[in-house]
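*Asks:* here is my input; please provide its structure:
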Amino acid sequence: MISIDYALKVLKNHIRISMKTVPCGIAIGIGNIPTYICEQHGLPPVCKESQKHNMTRSICAKFYKSLDRNEGEVICPFGINITYLKTFDTSKQVSFFIQTGFEERDISIDNIRNLSRVPKKAMKNTLKETNKFTFSSTDEIRTLNLLKRTLETLFAGRVAASMRVLTHGILTPVQGAMNDIEEIKWKQKQDGYEGNIKSLNLLESNIDEINSVAKQIHILLSEDIEPSRPRIRKVTVHNIINRICNRLESLSTKKDLKFHNHYNKGIKVLEAVPDQLVIVFRCLLENAAKYSFTGSKNSKRTIDIRYADVYFERIRTLKVEIESYGCPIAEDEINERKIFELGYRGNFSGDRGRQGTGSGLFIAERIVIAHYGKIDVTSRIIESSEEGEPERAINKVIVYWPKSFQGDTSDSHL
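*Replies:* A predicted model of the protein is given here:
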C-alpha cells in the first residue's frame, strides 16, 4: 500500500514545484509543529526563533493540539496569522497550514513573559526585528483545498502491492512480443517480402497500446518513481513524439485528425527516464486526439506540437506545447488543478460519449514533477454553443521539462 509518509513526500514535492511563493506547512499527528516547505518565502523570524527553544516549542505544540477539527483562522501564541485545515480520514491526522500575516498582539507578549531568560531575550529581540507581512494570495482557502485534494488523490491510488507484481507479469511478455515483431519485420524486409507488413504494423500498434496501459498502471501503483542518475538518459524528444504520433495513426485517421509536429531546428534533447517521458507524451497526445472534435476527409483538424528553448525557474528548459481543438476546460478545473486529480473527469469530458479513466494527467504530472518540471493547461473558447451543440475551445497543454536532470549536483549541460 502507498504509505502516508510516501504520499506526503509526493505532496511536498508538488508544493515545492507548484507553489514556491506560498508559506505552506504540513504537520503529521496531533500537536506537531508544521514543517514549512517554502521557508524562504514568508516565514518571519519570530516563527523560526520559536522553534529553537524547548519552552517555546512546547507552547507551539500545545497551541497546534488545541486547534479545532476541519478548518479555521487563528493567531498563534507569538502573533502569526494562520489559516489551517485538518484531515482525519487517514491513518494519521494530517494538517495543512498557511501563514497569512503577522501582527504583534497581547497574546504574544503574555507568552513571552512566561519564558525563562534566554528564550525571552531572543524572542523580544526577534519581535522588534520582525516586519509586518501579509500573504500575497487572495484566496488562502483555495490553496488549502488544493493541498487537501492532492493528498486525497494520492490515497485514492492505494492498491495492494501484489498488483504491481501483476503489471510486471504483463510487461515482460508484451515487451518480448514487440521485440519479436521488430525482428520479423526486419527479416521480411531483408527477404524483400512486404506482404504482411501492414498486418504486423497493426499487431504492433495493438500490443503497444497494451504496453502503454500496463506501464501506466505500474506507475500508478509504484511508491517510488523518483528518477535516479543511473536511469537518466539523453532523449531526443521530437523523434519520440513523432513515433508516438505514428502509433496513434489509427485513432487520428478515424477522427480525420492530423498531428503536426512543428519541429523547426536544433536537436530537442533533454535528460529523462526514457520510458517515463514516453508515457507522459503518449498520454497528452492521446488525450488531445480523444477530446478533439472530428474533422472531415477534405478538412482534417490538426493537433499542433511546438517546441521552444526557454529558461524556467532559472533553469534551461524545453517547453513543449500541444494544441488541440475540442471541448473547453473550465477555469476552476485549471486554477485548482482538478484535472490532475486521480479519477477526475472534466465537466465537458463526457460530451459525445468520450471514454476515459481520469488517470492519465495524474500520472503525467507525477512523472513531470519527479523530473523537476511542470505541466500547465490553458483553454480558450472560440465558438459559443448553439442549441444542442457544445462550446468549442482551443486547448493547450504546456510541458516544461528541464534540459539537464536536476536531481544531483552535477554541472553538466546539454
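*Asks:* now do the closest residue to F102 other than its chain neighbours, the pLDDT please.
*Replies:* The spatially closest residue to F102, leaving aside those adjacent along the chain, is P44, at 5.0 Å (Cβ to Cβ, 6 or more residues apart in numbering). In short, each C-beta sits where N, CA and C put it, glycine included. P44 is assigned 72 on the pLDDT scale.
*Asks:* mind jotting down where the helices sit in the protein?
*Replies:* 4-18, 45-49, 54-66, 106-113, 117-129, 140-156, 162-190, 197-221, 237-247, 249-254, 274-290, 331-335, 360-370 (DSSP state H).
*Asks:* what's the second one in contact with?
*Replies:* Contact with helix 45-49 is made by 36, 39, 56, 76, 78-80, 99, 102, 108, 122-123, 126-127, 129-130, as judged by Cβ atoms under 8 Å, 6 or more residues apart in numbering.
*Asks:* can you give the domain ranges for this protein?
*Replies:* 4-156, 159-223, 230-402 (automatic domain parsing).
*Asks:* any idea which of these has the lowest pLDDT on average?
*Replies:* domain 159-223 has the lowest average pLDDT among those, namely a mean of 58.
*Asks:* residue contacts, A122?
*Replies:* A122 makes contact with E49, K52, H53, according to Cβ under 8 Å, 6+ apart.
*Asks:* of the residues you listed, grab the buried ones for PyMOL.
*Replies:* In PyMOL, a selection of the buried entries from the contacts of A122 looks like this (16 or more other Cβ atoms under 10 Å):
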select buried, resi 49+53
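*Asks:* how close does I59 sit to M123?
*Replies:* Distance check for I59 against M123: by Cβ to Cβ, to the nearest Å, it reads 10 Å.
*Asks:* pull up the overlap in contacts between the two.
*Replies:* Joint contacts of I59 and M123 (Cβ under 8 Å, 6+ apart) are S50, F78.
*Asks:* so between those two, which is more surrounded?
*Replies:* Looking at I59 and M123 with other Cβ atoms under 10 Å, you find the greater number of neighbours at M123, namely 25 against 20.
*Asks:* surely the more buried one is in contact with Q51?
*Replies:* No - in this structure M123 lies outside contact range of Q51 using Cβ atoms under 8 Å: 11.4 Å.
*Asks:* wait, V237 touches L318, no?
*Replies:* Yes - the pair V237 / L318 is scored as a contact, 6.3 Å apart, by Cβ under 8 Å.
*Asks:* who's in contact with F97?
*Replies:* By Cβ under 8 Å, 6+ apart, the neighbours of F97 are C24, G25, I26, A27, P34, Y36, I82, T83, Y84.
*Asks:* would you check how far apart it and R113 are?
*Replies:* Note on F97: its distance to R113, by Cβ to Cβ, is 25 Å.
*Asks:* over to A364?
*Replies:* Separation of A364 from R113 (Cβ to Cβ): 54 Å.
*Asks:* neighbour count: those two, which is higher?
*Replies:* A364 (24 against 8).
*Asks:* on that earlier part again, got CSV for the contacts of A122, with distance to V280 too?
*Replies:* Listed next are those as CSV, based on distance: Cβ to Cβ, whole Å:
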residue, distance to V280
E49, 43
K52, 43
H53, 47
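*Asks:* out of the contacts of A122, flag the one nearest to R337.
*Replies:* Nearest to R337, judged by Cβ to Cβ, of these is E49 at 34.5 Å.
*Asks:* quick check: the closest one vs Q99, distance?
*Replies:* 14 Å.
*Asks:* same question, R314
*Replies:* Distance from R314 to Q99, by Cβ to Cβ: 25 Å.
*Asks:* more crowded one of the two?
*Replies:* Taking other Cβ under 10 Å, R314 and Q99 do not tie; Q99 has more neighbours (26 against 6).
*Asks:* count the residues that sit near the nearest residue to that one once chain neighbours are set aside.
*Replies:* Distances taken as Cβ to Cβ, 6+ apart place P23 nearest to Q99, at 4.3 Å, with adjacent residues excluded. P23 is flanked by 25 other residues according to other Cβ under 10 Å.
*Asks:* pretty sure P23 contacts F96?
*Replies:* No - P23 lies out of contact with F96 (Cβ under 8 Å); the separation is 11.6 Å.
*Asks:* wait, what's in contact with H371?
*Replies:* Counted by Cβ under 8 Å, 6+ apart, H371 has contacts P227, A272, V273, Q276, W401, P402, F405, Q406.
*Asks:* again, only this time at 6 Å
*Replies:* Listed by Cβ atoms under 6 Å, 6 or more residues apart in numbering, the contact set of H371 reads P227, A272.
*Asks:* equivalent analysis for P119, please.
*Replies:* With Cβ under 6 Å, 6+ apart, P119 has these contacts: H53, M55, T56.
*Asks:* all good on my end, thank you.
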